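J.: only the shape, not the letters, is given here:
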């Protein structure tokens, strides 16, 4: 794909669609825009974008429902657009698999930076060319294997477990420091995700989502343990 990549805008507000089409197009992205979920699904059948910019509050299927659909069916970046101060919507957006969020009214330069950040993570995760550091390596995570060459999490039944780019980054960070307590700030440094705020719930939400995928009992986690007042500890083989 020429340029910086492809973006699909899903928003029922015509002015916002036109604004973003012009701005992101001027920044060398291949941009398309649709007004609802039905049109989004039709567009993706013919062309899967790198990143979907998804408004939450729309007629018909809302952005949260559409984010869940995208995460289950496609490997792409998802940025949710929320109204100012709608904390609950932002939290739910992260829980259903969004990679990031931005609040209206948004600063266009900040939005551009977030799009590029999400796209870089997906490009790195999907690249077939890996560094010598991870060549041929796998990490055990309970009964799962994290394939660092393919950036895939494989179950004991040899099935792939779908991960967002940030979920993969978290798992990889934990595998670098097994059986060690990591604070939220440690996790930010290991994942190089400084745009996360160590004092908000972003990390906690993503760890909760990971537990749903890798723990036998997510309410009583044994692989990613909470160390009260300190952070988290990754135990690669809790049955040992």
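T.: That came in fine, so what should we check first? Quick caveat, the model's predicted, so the values are computed rather than measured.
J.: walk me through which strands the lengthiest strand in the chain pairs with, and which way each runs.
T.: Determined from DSSP state E, the single longest strand within the chain is strand 77-83. Partners of strand 77-83 in the sheet, by DSSP bridges, are strand 51-55 (parallel), strand 100-104 (parallel).
J.: most packed of those?
T.: strand 51-55 (a mean of 25; mean count of other Cβ atoms under 10 Å). In this view, the C-beta of every residue, glycine as well, is placed from N, C-alpha and C.
J.: give me the angle between the following helix or strand past that strand and strand 51-55.
T.: Counting by DSSP states H and E, the next helix or strand C-terminal to strand 51-55 is helix 63-73. Angle, helix 63-73 to strand 51-55, by axes from the mean of the first three to the mean of the last three Cα atoms, to 10 degrees: 160 degrees.
J.: run the chain-centre distance for helix 63-73.
T.: With Cα atoms, centre = their mean, to the nearest Å as the basis, helix 63-73 stands 12 Å off its chain's centre.
J.: got the contact list for residue 152?
T.: Applying Cβ atoms under 8 Å, 6 or more residues apart in numbering to residue 152 gives the contacts 146, 160, 163.
J.: is it in a bridge, and if so with what?
T.: Counting by DSSP bridges, residue 152 forms beta bridges with residue 147.
J.: thinking again about what came up before, put together JSON lines for the contacts of residue 152, with pLDDT and distance to residue 31 on each row.
T.: Converted to JSON lines, the contacts of residue 152 look like this (pLDDT from 0 to 100; distance: Cβ to Cβ, whole Å):
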{"residue": "146", "pLDDT": "91", "distance to residue 31": "34"}
{"residue": "160", "pLDDT": "89", "distance to residue 31": "30"}
{"residue": "163", "pLDDT": "86", "distance to residue 31": "27"}
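J.: quick check, nearest of these to residue 77?
T.: Lowest distance from residue 77 to the contacts of residue 152 (Cβ to Cβ) belongs to residue 163, with 12.8 Å.
J.: how about the contacts made by the closest residue in space to the closest one that isn't next to it in sequence?
T.: Spatial nearest neighbour of residue 163, excluding adjacent residues (Cβ to Cβ, 6 or more residues apart in numbering): residue 153 at 5.6 Å. Contacts for residue 153 (Cβ under 8 Å, 6+ apart) come out as 141, 144, 145, 146, 147, 160, 161, 163, 168, 171, 213, 214.
J.: test for you: state the pLDDT assigned to residue 153.
T.: On pLDDT, residue 153 comes in at 91.
J.: rewinding a little: show me the contacts of residue 153 that map onto strands.
T.: Using DSSP E, the subset of these located in strands is 141, 144, 145, 146, 147, 160, 161.
J.: the fourth one contacts residue 170, correct?
T.: This means residue 146. No: the pair residue 146 / residue 170 is not scored as a contact, 10.8 Å apart, by Cβ atoms under 8 Å.
J.: measure the residue nearest the centre of the chain to residue 227 for me?
T.: For the chain, the residue sitting closest to the mean C-alpha position, by Cα atoms, centre = their mean, is residue 99 at 3.0 Å. From residue 99 across to residue 227, the span is 26 Å (Cβ to Cβ, to the nearest Å).
J.: one more: residue 93?
T.: Distance, residue 93 to residue 227, by Cβ to Cβ: 27 Å.
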